[in-house]
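Visitor: just a sequence and a predicted model for now, questions to come.
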Amino acid sequence: MKFMTAGIGALLCALLPFTKNGPDMRIEHAYTVDSLGACQGVSYQQGKYFLYGDREVGMIREYTLHGDSLIYANKEMKLTLHDTDVINHPTGFAYHEGLPFFIGNSIRLNKEGSRWRAVIYSVDWKGLQRTGSLDGNLLNTIEDDACIQGTRPEYVQYNKKWYVATADYGDKGNEVRLYDPVTLRNVKKTSDKGVLYKKFTCSAWVQNLHWLPEYGWLVLIQNQVEGRKWRFTYIDLAESIATGKQKVVKVVDIDGREDELEGFTFIPGAGKGRGIAVTSSRKENVSMMHIDWK
């Protein structure tokens with residue numbers, strides 16, 4: 001049994017890129033994907049890439065990857081209900097096969113950014129893809145009143161159970177919070193009993209989250225300053241929960257980009273060596289990334 005366990009461990013180490021201090025990252029090339037408005041994120045799901053933005057209404061477009069470029073699959077979903085814009089500023093997808101699907105919406109209520117409304121929507125994802133709107137597919141609207149500034153849901157795994165993680169954007173009191181997804185989809189607000197499982201403090205200007213299950217790491221997709229410059233912070237989720245504050249593995253700042261980083265995903269099948277980053281810029285809003293694991 002010990003031999004088998006050791007053999008499995010060795011096999012896993014061979015399959016995964018070795019790392020001690022986290023990866024280095026650089027932009028290979030950038031290009032423009034149109035018709036998104038200000039792109040707010042990217043979600044990879046079973047061979048498809050979904051980019052979402054805040055055009056004239058909140059919307060989602062489907063793409064496939066060919067070589068080094070995303071190709072539009074001629075499929076668009078508007079985040080409208082009876083032709084009324086509902087999720088006008090989508091700020092995160094929580095997708096995991098067999099679990100509830102959630103979309104975040106972060107709404108700035110004043111120009112100073114001191115007042116926000118954060119909402120998480122439980123959505124019939126298959127229905128939304130089929131019909132192209134929220135009509136008949138909006139299952140529940142949840143006020144994320146446990147947040148401090150904005151919401152950006154993403155599934156993570158902790159102690160063999162899946163949770164919806166989210167994070168704040170501002171520079172004061174930022175937290176990552178873990179919500180129970182089954183409870184979350186049925187409540188009216190995240191402060192309701194049984195929703196919040198764990199939380200810990202984190203650094204500022206988090207735009208989105210990305211889960212790395214191979215390592216148990218959560219990637220904070222950030223700005224270095226408010227609304228500008230790129231930062232990726234790799235944190236150990238279990239240690240962060242245990243201590244109540246983020247346990248940083250590595251911080252990667254990308255030189256030469258002054259715009260607003262919004263989202264990121266690794267490209268499956270590339271050994272975690274390549275990824276796609278998106279920004280809110282009108283031009284060069286998609287960047288192919290090279291990731292070098294130490």
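Guide: Yep, it's here.
Visitor: quick one: strands adjacent to the strand or helix carrying residue 231?
Guide: Assigned by DSSP states H and E, residue 231 belongs to strand 228-236. Strands that pair with strand 228-236, judged by DSSP bridges, come out as strand 217-225 (antiparallel), strand 248-254 (antiparallel).
Visitor: could you export the helix or strand just after it as PDB, CA atoms only?
Guide: Heading C-terminal from strand 228-236, the first helix or strand you meet, by DSSP H and E, is helix 237-243. What follows is helix 237-243 as a C-alpha-only set of coordinates in PDB (Å, rounded to 0.1, in the frame of the first residue of the first chain):
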ATOM      1  CA  LEU A 237      -6.400  28.800   0.400                       C
ATOM      2  CA  ALA A 238      -6.200  26.400   3.400                       C
ATOM      3  CA  GLU A 239      -3.500  28.400   5.100                       C
ATOM      4  CA  SER A 240      -5.300  31.600   4.500                       C
ATOM      5  CA  ILE A 241      -8.500  30.200   6.100                       C
ATOM      6  CA  ALA A 242      -6.500  28.800   9.000                       C
ATOM      7  CA  THR A 243      -4.800  32.100   9.800                       C
END
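Visitor: residues contacting helix 237-243, please?
Guide: By CB atoms under 8 Å, 6 or more residues apart in numbering, the surrounding residues in contact with helix 237-243 are 156, 158, 176, 178, 198, 200, 202, 216-218, 246-247. (Glycine included, C-beta is placed from N, CA and C.)
Visitor: quick one: mean pLDDT for that helix?
Guide: Taken as a whole, helix 237-243 has a mean pLDDT of 98.
Visitor: so where's this structure uncertain?
Guide: Residue ranges of the chain with pLDDT under 70: 1-20, 112-114.
Visitor: centroid-nearest residue for it?
Guide: The centroid of the chain falls nearest to residue 209 when counting by CA atoms, centre = their mean (3.7 Å).
Visitor: need the contact list for residue 175.
Guide: 147-148, 167-168, 199-202.
Visitor: apart from its neighbours in sequence, what residue is nearest it?
Guide: Leaving aside its chain neighbours, residue 175 sits nearest to residue 199 (5.0 Å; criterion: CB to CB, 6 or more residues apart in numbering).
Visitor: does that neighbour belong to a helix, a strand or coil?
Guide: strand (DSSP: H, G, I helix; E, B strand; the rest coil).
Visitor: can I assume it is in contact with residue 177?
Guide: Yes - with contact defined as CB atoms under 8 Å, residue 199 counts as touching residue 177 (4.3 Å).
Visitor: neighbour count for the two, which is higher?
Guide: residue 177 (24 against 18; other CB atoms under 10 Å).
Visitor: helix, strand or coil for the more buried one?
Guide: The local conformation at residue 177, judged by three-state DSSP, is strand.
Visitor: list the contacts of it.
Guide: Residue 177 makes contact with 146-147, 165-167, 190, 196, 198-199 under the criterion CB under 8 Å, 6+ apart.
Visitor: what's the farthest-apart pair in these?
Guide: For these, the maximum inter-member distance is 14.8 Å, found between 147 and 198 (CB to CB).
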